[in-house]
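Engineer: Based on what follows, work out the 3D shape:
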Amino acid sequence: MGILDGLFRRQRRVTEDLETVSLEGGVKGLRFQAANVQGLGDRDGQEDSFALCNAADAAALRREGLFAVVADGMGGMSDGKAVSEGAVEVLTQLFHALREEGNVPQQLREGIFAASDGLFERFCGRGGTTVVAVRVFDGALHWISVGDSAIFLKRNGGVFQINREHTCLNDLYLQELRQEPIEKERAERHEDARRLTAFVGMQNLRTADQSLRPLKLEDGDVILLCSDGISGVLTPAEVLEAMSLDPQEGCALLENMVLEKRIPEQDNYTGVMIACKSIR
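Structural biologist: Now for the predicted structure:
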């Protein structure tokens, strides 16, 4: 893919640790408000990366749409941070190169596989990252994910995780369906439950979870992309509480709730929240 040319020869930093920011833009009867939060938790370094494109540029929103991506570098690998940065950079390039007349889900799928292949070649398997990404165009949402980071949608007073995580836990749940009696908790207690079965930067990645059709967004919808430093710590009720606020306040509440739990060795945490409101 042409958009990948030269990427794996560069070493520049994609994201810095940022304070929460609030941005606005409008397109096709919807107004978007977006904010982000990122913190170290109880770790020495930041291995999460993220990007948010076109949220404050109405012309770019009409031309390309809105894009957000969160990548959680794998801390047990020597180049986790560099791989998360590389994944964010290549997927941002992919977003700008998307052809609306083409098959958008296929372009996203081929792009994330090509990114993983390139990152594996560049780092020789020494790094990996989870990825969640959303693209909003013409009032509709496409999304794609690899690994155990989460995409939440708040709609009509409820919150739903719309992506499937790639962990052993899902396979263990399937095994429980063949057991007597079925014990969900037994699967969750398994020592390999949280082990990833797919991540960007692995050799020959060919697994991704994604939308195959665009999801039409509605007034009041809120989208949250986050690393498992948030999704693996907060309950659905807590996530819903934060997503019920405007994005800047919601991101601040996410951070407060994560830190108030005082979890030993709390992971890095990163979130991007996008609220959709009708233009009146």
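Engineer: in this structure, what spans have low per-residue confidence?
Structural biologist: 1-28, 187, 191-193, 280 (pLDDT under 70).
Engineer: and the residue nearest to the spatial centre of it, what does it touch?
Structural biologist: The chain has residue 132 as the residue nearest its centroid, 2.6 Å off, counting by C-alpha atoms, centre = their mean. Residues near residue 132 by C-beta atoms under 8 Å, 6 or more residues apart in numbering: 69, 70, 143, 144, 145, 147, 149, 150, 151, 163, 225, 226. The way it works is simple: take the backbone N, C-alpha and C, and place the C-beta from them, glycine included.
Engineer: how many neighbours does residue 260 have?
Structural biologist: Around residue 260 there are 8 other residues, counting by other C-beta atoms under 10 Å.
Engineer: could you list every residue that touches it?
Structural biologist: So residue 260 contacts nothing (C-beta under 8 Å, 6+ apart).
Engineer: State the distance from it to residue 93.
Structural biologist: 38 Å (C-beta to C-beta, to the nearest Å).
Engineer: on that earlier part again, need the contacts of residue 132 in CSV (columns: secondary structure, neighbour count and distance to residue 269).
Structural biologist: Shown next, in CSV, are the contacts of residue 132 (DSSP: H, G, I helix; E, B strand; the rest coil; neighbours: other C-beta atoms under 10 Å; distance: C-beta to C-beta, whole Å):
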residue, secondary structure, neighbour count, distance to residue 269
69, strand, 29, 16
70, strand, 33, 10
143, strand, 23, 20
144, strand, 24, 21
145, strand, 26, 17
147, coil, 29, 15
149, coil, 29, 11
150, strand, 23, 12
151, strand, 24, 15
163, coil, 23, 18
225, strand, 29, 12
226, strand, 30, 7
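Engineer: ok, which pair from those is furthest apart?
Structural biologist: 144 and 226 (15.4 Å; C-beta to C-beta).
Engineer: what are the phi and psi values for residue 36?
Structural biologist: phi -140, psi 160 (degrees, to the nearest 10).
Engineer: ok, it touching residue 51?
Structural biologist: No: Residue 36 is beyond contact range of residue 51, at 9.5 Å (criterion: C-beta atoms under 8 Å).
Engineer: Among those two, which residue is more densely surrounded?
Structural biologist: Neighbours were counted for residue 36 and for residue 51 using other C-beta under 10 Å; residue 36 has more, 27 against 20.
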